[in-house]
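**Student:** Sharing a model prediction with you, sequence too.
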Amino acid sequence: MTVRVFFYVQHLLGIGHLRRAATLARALTAAGFDVLLVSGGAPLDDLKLDGVRFHQLPPLRAANEGLKELALLDGTPIDSTFQADRARQLLDLLQRESPDIIITEQFPFGRTQLRFELVPLIAAAKALRPRPLIVSSLRDVVRRSASPQRVAESVETFADFDALLIHADPALVRLEESFPAWANVAARARYTGYVMEGNSAHEGATTAGTGEVVVSAGGGAIGGPLLKAAIGARHLGALADRTWRLLIGPNMPAADRDQIEAARDEGLIVEPARADFPALLHNATLSISQAGYNTVIETVRHADRAVLVPFGTARETEQVDRAQALAKRGLVAVVTPGTLSAVTLAAAVARAMAGPSIRGFPLVDTDGGAATARALGQMLAGRGNG
């Protein structure tokens with residue numbers, strides 16, 4: 001019997017959450033699950049599905065970089081009518097699907113702004129007969145700035161979940177380093193390894209990037225300052241004679257895009273983000289990037305040396321914690337949020353080039369997709385539903 005999976009994901013600012021969820025959904029589909037990926041964020045034209053069914057909810061996003069308030073895609077704040085309508089659509093979809101497994105990406109350890117629809121979703125799931133497995137799919141770190149009240153709320157809500165799947169390698173990053181109530185959830189938690197697209201850099205697939213400095217900023221929504229700093233840092237250090245390749249994400253604001261493209265010259269390539277990014281990393285002398293989940297794991301898996309420039313605010317600590325965890329192990333150099341400039345970036349480049357190659361460290365577990373499929377199958381079998 002085919003196992004039906006209802007997989008909810010909401011990206012608010014960048015596109016990393018949706019891309020990781022889609023990668024995991026493809027891995028589950030390849031393992032024989034029937035997956036419906038339910039997205040609440042802005043549509044993404046080039047999302048790779050490969051047999052995954054997809055449903056788009058009325059989209060919303062973060063109103064600003066603080067990620068606290070929600071808005072429609074045009075910036076209009078959402079109201080109670082929008083919330084009620086979207087929650088109703090989500091519950092109707094759940095009833096039609098009648099899944100065997102429900103997966104919520106981040107919730108209840110994140111995405112608490114969406115409680116207006118996720119709390120009813122979990123309540124409705126518990127009432128289904130037969131009752132589906134209810135699983136939280138979580139990255140390697142969570143927001144450390146969450147208040148004690150918010151942490152307690154997460155633990156209380158998690159009481160309705162059967163399992164927590166942490167998509168990380170505990171030899172590299174452990175969730176308990178960022179989640180203070182780990183003892184309250186550990187009994188139902190397991191690490192799967194990181195989730196990424198394949199384990200090969202497709203060596204030889206392209207010679208692009210050979211000997212270069214590759215600078216990337218994910219989806220690009222907040223990547224303009226990094227790429228502009230890279231343009232200035234290019235002539236300040238030992239890699240001034242190398243070609244620097246700047247990759248512009250699809251969500252970069254037009255003003256930033258125009259300014260960066262205007263800097264293009266003989267030794268500076270500016271182009272859209274590329275599907276062969278892992279191969280570029282493998283070929284490059286140095287990677288410079290932010291510290292989102294997807295980019296960091298591709299960097300650790302494929303790059304020679306790297307500089308991480310994490311996005312961070314008083315509220316948003318995820319990228320900073322991830323970058324610092326890698327820096328403590330000697331894998332990368334880091335530019336602290338709030339200090340980014342051409343000079344500080346050039347100094348980080350020098351530190352990275354003076355340090356060891358990432359390739360000298362043990363391989364990180366990136367088999368999270370297949371491991372997740374095995375874990376879900378085992379949990380279903382343990383309930384007598386496999």
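**Tutor:** Structure received. Numbers count the residues shown, from 1 in each chain.

**Student:** Tell me which residues touch residue 70, please.
**Tutor:** When contacts are counted by C-beta atoms under 8 Å, 6 or more residues apart in numbering, residue 70 touches 12, 60-63, 77-78, 113. Placement of C-beta: from N, CA and C, glycine included.

**Student:** do the same with residue 53
**Tutor:** Neighbours of residue 53 in contact, by C-beta under 8 Å, 6+ apart: 34-37.

**Student:** try residue 101
**Tutor:** 3-6, 33, 132-133, 135, 376, 380.

**Student:** how close does it get to residue 241?
**Tutor:** Noted for residue 101: a distance of 53 Å to residue 241, by C-beta to C-beta, to the nearest Å.

**Student:** got it, and residue 90?
**Tutor:** In terms of C-beta to C-beta, residue 90 sits 54 Å off from residue 241.

**Student:** Name the residue in the two with the higher neighbour count.
**Tutor:** residue 90 (22 against 8; other C-beta atoms under 10 Å).

**Student:** Might one say that the more buried one is in contact with residue 117?
**Tutor:** Yes: Residue 90 is in contact with residue 117 according to C-beta atoms under 8 Å; the separation is 5.2 Å.

**Student:** For residue 257, identify the helix or strand it belongs to.
**Tutor:** helix 254-261 (DSSP states H and E).

**Student:** Now the element after that helix, going C-ward?
**Tutor:** strand 268-272.

**Student:** thinking again about what came up before, please name every helix or strand in contact with the helix holding residue 257.
**Tutor:** helix 224-233, strand 244-248 (3 or more C-beta pairs under 8 Å, 6 or more residues apart in numbering; DSSP states H and E).

**Student:** can you give me the helices for the stretch 201-350 of the chain?
**Tutor:** 224-233, 254-261, 277-283, 293-302, 318-328, 342-354 (DSSP state H, counting those that start in this stretch).

**Student:** what's the answer for the stretch 51-200 of the chain, then?
**Tutor:** Under DSSP H, counting those that start in this stretch, the stretch 51-200 of the chain gives helices at 80-97, 115-127, 148-158, 182-185.

**Student:** Now that we have those helices, can you turn them into TSV and tack on distance to residue 54 and mean pLDDT?
**Tutor:** Listed next are the helices of the stretch 51-200 of the chain as TSV, based on distance: least, C-beta to C-beta, whole Å; pLDDT from 0 to 100:
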stretch	distance to residue 54	mean pLDDT
helix 80-97	12	98
helix 115-127	18	97
helix 148-158	26	96
helix 182-185	30	97
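
**Student:** any chance of those in TSV, with distance to residue 267 too?
**Tutor:** Formatted as TSV, the helices of the stretch 51-200 of the chain follow (distance: least, C-beta to C-beta, whole Å):
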stretch	distance to residue 267
helix 80-97	48
helix 115-127	49
helix 148-158	48
helix 182-185	48
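
**Student:** closest one to residue 275 among the ones you listed?
**Tutor:** Between residue 275 and those, the tightest spacing by C-beta to C-beta is seen for helix 80-97, at 30.3 Å.

**Student:** Show me what that closest one is packed against.
**Tutor:** Packed next to helix 80-97, using 3+ C-beta pairs under 8 Å, 6+ apart, are strand 4-9, strand 34-39, helix 115-127.

**Student:** Report the distance from the last one to the chain centre.
**Tutor:** Here the centre of helix 115-127 is set off from its chain's centre by 24 Å, with C-alpha atoms, centre = their mean, to the nearest Å.

**Student:** which helices and strands does it pack with?
**Tutor:** helix 80-97, strand 101-105, strand 133-138.

**Student:** looking at the ones you listed, which is buried most?
**Tutor:** Highest mean neighbour count of these: strand 101-105, a mean of 26 (counted as mean count of other C-beta atoms under 10 Å).

**Student:** Partner strands of that strand and their direction?
**Tutor:** Sheet pairing for strand 101-105, assigned by DSSP bridges, gives strand 4-9 (parallel), strand 133-138 (parallel).

**Student:** Now tell me what touches the last one from outside.
**Tutor:** Counting contacts by C-beta under 8 Å, 6+ apart, the residues outside strand 133-138 that touch it are 7, 21, 24, 100-110, 122, 125-126, 158, 160-167, 175, 372, 376, 379-380, 383.

**Student:** Are any of those buried, and if so which?
**Tutor:** Buried members of those, scored by 16 or more other C-beta atoms under 10 Å, are 7, 21, 24, 100-110, 122, 125, 158, 161-167, 175, 372, 376, 379-380.

**Student:** what separates residue 55 from residue 91, distance-wise?
**Tutor:** In terms of C-beta to C-beta, residue 55 sits 13 Å off from residue 91.

**Student:** sorry, that was for residue 78
**Tutor:** Using C-beta to C-beta, residue 78 is found at 18 Å from residue 91.

**Student:** quick revisit: any chance of the helices of the stretch 201-350 of the chain in TSV with distance to residue 364 and mean neighbour count as columns?
**Tutor:** Formatted as TSV, those follow (distance: least, C-beta to C-beta, whole Å; neighbours: other C-beta atoms under 10 Å):
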stretch	distance to residue 364	mean neighbour count
helix 224-233	23	21
helix 254-261	31	14
helix 277-283	14	23
helix 293-302	5	25
helix 318-328	10	21
helix 342-354	18	19
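
**Student:** Would you format these as JSON lines with distance to residue 146 and mean pLDDT included?
**Tutor:** Converted to JSON lines, the helices of the stretch 201-350 of the chain look like this (distance: least, C-beta to C-beta, whole Å; pLDDT from 0 to 100):
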{"stretch": "helix 224-233", "distance to residue 146": "26", "mean pLDDT": "96"}
{"stretch": "helix 254-261", "distance to residue 146": "30", "mean pLDDT": "94"}
{"stretch": "helix 277-283", "distance to residue 146": "31", "mean pLDDT": "94"}
{"stretch": "helix 293-302", "distance to residue 146": "18", "mean pLDDT": "94"}
{"stretch": "helix 318-328", "distance to residue 146": "11", "mean pLDDT": "93"}
{"stretch": "helix 342-354", "distance to residue 146": "29", "mean pLDDT": "97"}
